[in-house]
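Engineer: pasting a predicted model and its sequence here:
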Amino acid sequence: MKILGIESSCDETAAAVVEDGRKVLSNIIATSLEEHKLYGGVVPEIASRRHAESISGVVKEALEQAGCTMDDIDAIAVTYAPGLIGALLVGVNFAKGLALATDTPLVPVHHIRGHIASNYISGDVEPPFLCLIVSGGHSHIVAVKSYTEFEIIGKTRDDAAGEALDKAGRTMGLEYPGGVSIDRLSPKGDENKYAFPKPKVTGSPYDFSFSGLKTSVINTVHNAEQKGEDIDIPSLAASFQRGVVECLITNLEKAAKDYGYSKIVIAGGVSANSKLRSEAEKLCRKNKWKLYLPELKYCGDNAAMIAAQGYYEFIQNNTAVENLNAYATMPIDKSYKSN
Ligand code: KG4
Ligand code: ZN
């Protein structure tokens, strides 16, 4: 079964063809990242306009590279939530039009479920497993019970891990996205040079909080500026990265032990982070757990992961009706049902 995936939730316009949820036949991405760098973050209207300009060409190229026409496509999977609403609407409306014109079933896909599915196209992992999802908008620990059943075990109370890295990067004067810059710069610094308070989260032991860490970085930079002291930016970046990764790994370990999971999956844009990848490997080696990480090319936003998840939603009949809408927020454990 061949699924055409379409993704436009943030600044990547992407289309891909994936066979049976696992085999990537094409994966095309056009990004407006360079333009957003000028503003230090994604400008929603610019992202929406670039999607509108690129989407037809990107979908055409994805079909061509896969050696397909729409006649070969069994279903169109499209990201319908969560994300920037104007950006999502471009993909959703394009997919609806294409589905109607070619009489092809339409499958709405939750973006974060798609990130989890980036592991299905990277390796042979199958649910059930425990997944740490870390992106620009989400930090979750989720029990993936089946391809379409999810239980949220932990989540962030404030900033997502990627958001905290991006904001800290901006404070340090690094290029957007800060997460990528911090990862690149950290090997040049000493990760033990700056100490940050360990965030205390009352209530759930699996929840995260990153805003305190972020404020500490801002205070460190401002205090040094006021005193006219130099800041060792590579060491500040490395120390902050260590602080974020420690929080993620600590809660992941606790959740896996308490819920009895020995199959661990990492997903989302921050899963590309080298410190997180190496600490997750250490954690799983220590506990003799099996670890799955997405290939680097599938960590960030792409449509192959949407087509992969779309396959599993399609075989569960999670198809859309004609009035499918886009949503800026949507819990991962809520399935779109056509009736
Ligand atoms: O999943 P994604 O591409 O978009 C969302 O769904 O949010 O994640 C983007 C986030 C950004 O915050 C970016 O800084 C972060 O992923 N990111 C990284 C790395 N690559 C991307 N953070 C740390 N290290 C990286 N190598
Ligand atoms: Zn994403």
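Structural biologist: Perfect, thanks for sending it. All values reported here derive from a predicted model rather than from experimental measurement. Residues are numbered from 1 along each chain as shown. Ligands and ions are numbered 1, 2, ... in the order given.

Engineer: output the below-cut-off pLDDT ranges for the chain.
Structural biologist: 338-339 (pLDDT under 70).

Engineer: where does residue 3 land in three-state SS?
Structural biologist: Assigned with DSSP: H, G, I helix; E, B strand; the rest coil, residue 3 falls in the strand class.

Engineer: give me the buried positions along stretch 43-63.
Structural biologist: Neighbour-count burial for stretch 43-63 flags 43-44, 46-52, 54-55, 58-59, 62-63 (criterion: 16 or more other Cβ atoms under 10 Å). In this view, the C-beta of every residue, glycine as well, is placed from N, C-alpha and C.

Engineer: can you check stretch 196-207 too?
Structural biologist: Applying a neighbour-count criterion of 16+ other Cβ under 10 Å, one finds 196, 199, 201, 206, 207 buried in stretch 196-207.

Engineer: could I have it exported to PDB, CA atoms only?
Structural biologist: The C-alpha trace of stretch 196-207 is given here as PDB (Å, rounded to 0.1, in the frame of the first residue of the first chain):
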ATOM      1  CA  PHE A 196      22.100  25.300  36.900                       C
ATOM      2  CA  PRO A 197      19.500  24.400  39.500                       C
ATOM      3  CA  LYS A 198      17.700  21.100  39.000                       C
ATOM      4  CA  PRO A 199      14.100  22.000  38.200                       C
ATOM      5  CA  LYS A 200      11.600  20.800  40.900                       C
ATOM      6  CA  VAL A 201       8.300  19.700  39.600                       C
ATOM      7  CA  THR A 202       5.600  18.900  42.200                       C
ATOM      8  CA  GLY A 203       3.000  16.400  41.400                       C
ATOM      9  CA  SER A 204       3.900  14.000  38.700                       C
ATOM     10  CA  PRO A 205       7.500  12.700  38.800                       C
ATOM     11  CA  TYR A 206       7.500  12.300  35.100                       C
ATOM     12  CA  ASP A 207       6.700  15.900  34.200                       C
END
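
Engineer: which other residues reach it?
Structural biologist: The contact list for stretch 196-207 (Cβ atoms under 8 Å, 6 or more residues apart in numbering) reads 141, 153-157, 208-210, 212-213, 216-217, 239-240, 243, 246-247, 251, 254-255.

Engineer: and stretch 313-323, by the same measure?
Structural biologist: 1, 3, 74-75, 77, 80, 96, 100, 105-109, 113, 147-148, 335-339.

Engineer: likewise for stretch 30-38?
Structural biologist: By Cβ under 8 Å, 6+ apart, the surrounding residues in contact with stretch 30-38 are 11-14, 42-43, 46-47, 50, 54, 57-58, 175-177.
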